[in-house]
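> Here is a sequence together with a model predicted from it:
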Amino acid sequence: MHQIKNLLSFLLIFILTITITGCSKRPIISPGKIVPPENYDIAISGEWIIQKYYPIGSSPVKNKDIKDKIGKVLYIDKYKLELLDKICNSPNFKIKTVDSTSYLASNYSITPSALGIEKPEIQVITVSNKDTYFTSFIKLSENSLITTLDDSFFLLTRKSDKIEYRKSTTFNDKSKFSNFPKNLDSGLLLGLKSYVPGFTLSYDNKSQTIPRPIYRTIWINFDNPGIKNIYEIPHFIYARKTGFWYITTKDVSTTDYKKYKLYTYPLTKSKNLKLVETSIKSGIINKGQSYYIEDISFVGDDYISLGLKEGSLNKDNSLSTKNLLKVNPIDTFNSNKDYSLSISKLLGEQGIKSLKQGASAYINSLNFNERNKLNPTPCDKFFGIVRKNGKWILKGRLQYFNNFWSESPLINFSDFDIPIIPPKELIGYDLLFPNWNIIKKKVPNALDAYSSPDKNFVVVLTNSKILIYDIINGNLSNVPLKTVNLKNNEEVIMSQWSTGSYVKTWDDQMRKLIK
């Protein structure tokens, strides 16, 4: 009997071990989470045949163009992609699982049924080169993909998981794909934020103005050895892997609820671009009324970081406020639902660990009285992306306990640095050359800086100007090449670089948007 019990115990432990081991080998990929592309490029490597055209949109491709593509072979490899006449060397692969309806509606203004997709979620594989978008694939199965060629959708079926190398194609020559070449054409898109009066509050015999943010974009086209042109666009424009998008603020207020809401849309590809903008006037918050303002701190290819400012002027003349930090996926940004991400969902267990470490270090740096005013436990959804000393960093937020304020009811929180380096998949290209200390030595009043991928130029921001320098022997030139004036307290919330042949594409698009 004793031996039977021992045998049963052994079998139970053995079964549990197998179960746990089996689960650990299958990580769950959730929507919005950044997933390292560990060999995922290999999973779609091979030769793919263009099998079918999806007729979508009001301007279909000419029949001859379609027929010319059907049956052609596309080549995908971890070192190179050949999609007909378009080639991408040294590709970077990124995979994400997304809601099929939201993704296709936001990026292409189509429904899943238009592509014959019935699944509620799809896997999207994005291919880029040095932070420049090349293409995307929707993975239907191991042997079928959907991609776009010349803005049209095509079904691909796998011909082979191996590539028969041609004399004109060298897929495995890694030496060609090392670093950015010197004197590479580049362009910088800077998203800028400043403030204007939003609402006026009157409480406790005081009058206070709640500012609201306004946005614009600066495009700098570098043409070695100088600057070709600089454009100011009176809208917030940013680049995604699917094309250019813009952000607009809409007044969606009701009688008792004053609300400024942000929305983002893809730019149309027509020659006469029309951006939906609404005029917004400052308002007054009376007793019994509430307000809501969204304030962007960062925009990337897939995510927007913003602060939410809410408040109510109660009938007893007291003021109640709420100030939150959020990171939202762009694909669901316009939804009325809250799709904001937790730091653990975005960055895994290391993200939540770093959030707690940052909060603890900040709390311990305060004196006893200040420490007791703050709730020491950070919420894993209260974090954001901000700029500091030429780098994008993560910030966490702690809330004051009720009836404790740092200065006024409008500031009922305190922020702290999260000790983790944001991944490239989240913030994009963010290397600074020369380093911050060298830049500060040359420009003592520098607040921020951005350097070109080829290390030939650096863009420095002070509190009133954008100074553009060329880099000579690892240092800033004595005199800036160009100076651009900034608005009062204007700051950068988006920086995106284009390189090589993409610079002209970006430049042409920005030229259309100049007022």
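That came through, no problem. Numbering: from 1, shown residues only.
> residue contacts, Gly187?
219-222, 497-499, 502-503, 506-507 (CB atoms under 8 Å, 6 or more residues apart in numbering). The way it works is simple: take the backbone N, C-alpha and C, and place the C-beta from them, glycine included.
> Any idea what it is bridged to?
For Gly187, the beta-bridge partners are Asn221, Ser498 (DSSP bridges).
> what's the answer for Arg158, then?
Applying DSSP bridges, one finds that Arg158 bridges with Trp48.
> residue contacts, it?
Arg158 neighbours (CB under 8 Å, 6+ apart): 46-49, 142-144.
> Now do the most centrally placed residue in the chain against Tyr53, distance only.
For the chain, Gly300 is the residue whose C-alpha lies nearest the centre (CA atoms, centre = their mean; 2.1 Å). Counting by CB to CB, to the nearest Å, the gap from Gly300 to Tyr53 is 32 Å.
> where are the low-confidence patches of the stretch 301-450 of the chain?
Residue ranges of the stretch 301-450 of the chain with pLDDT under 70: 403-411.
> where do the strands sit along it?
Along the stretch 301-450 of the chain, counting by DSSP state E, counting those that start in this stretch, strands occupy 303-313, 319-329, 383-388, 391-399, 413-418, 448-451.
> contacts for the host helix or strand of Arg511?
In this structure, Arg511 sits in helix 502-512 according to DSSP states H and E. Here helix 502-512 makes contact (CB under 8 Å, 6+ apart) with 132, 185-187, 189, 217, 219, 221-222, 228-229, 231, 233, 237, 239, 244, 267, 271, 273, 498.
> Take those residues and keep only those in strands.
Members of the contacts of helix 502-512 lying in strands (criterion: DSSP state E): 132, 186-187, 189, 217, 219, 221-222, 228-229, 231, 233, 237, 239, 244, 498.
> quick one: Lys281 from Ile214, how far?
Distance from Lys281 to Ile214, by CB to CB: 13 Å.
> Of the two, give the one with the bigger neighbour count.
Each of Lys281 and Ile214 had its neighbours counted (other CB atoms under 10 Å), and the higher figure belongs to Ile214 (17 against 7).
> elements contacting the helix or strand containing that one?
Element membership for Ile214 (DSSP H and E) is strand 206-223. Applying 3 or more CB pairs under 8 Å, 6 or more residues apart in numbering; DSSP states H and E, we find strand 206-223 packed against strand 186-203, strand 226-233, strand 236-240, strand 243-251, strand 289-299, helix 502-512.
> In CSV: the ones you listed, plus distance to Thr148.
Below are those laid out as CSV (distance: least, CB to CB, whole Å):
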stretch, distance to Thr148
strand 186-203, 22
strand 226-233, 26
strand 236-240, 13
strand 243-251, 10
strand 289-299, 23
helix 502-512, 16
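> Make a markdown table out of these and add distance to Ser335 and mean pLDDT.
Listed next are the helices and strands packed on strand 206-223 as a markdown table, based on distance: least, CB to CB, whole Å; pLDDT from 0 to 100:
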| stretch | distance to Ser335 | mean pLDDT |
| --- | --- | --- |
| strand 186-203 | 22 | 90 |
| strand 226-233 | 26 | 93 |
| strand 236-240 | 17 | 95 |
| strand 243-251 | 15 | 92 |
| strand 289-299 | 14 | 93 |
| helix 502-512 | 27 | 91 |
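> most packed of these?
Ranked by mean neighbour count, those are led by strand 236-240 with a mean of 23 (mean count of other CB atoms under 10 Å).
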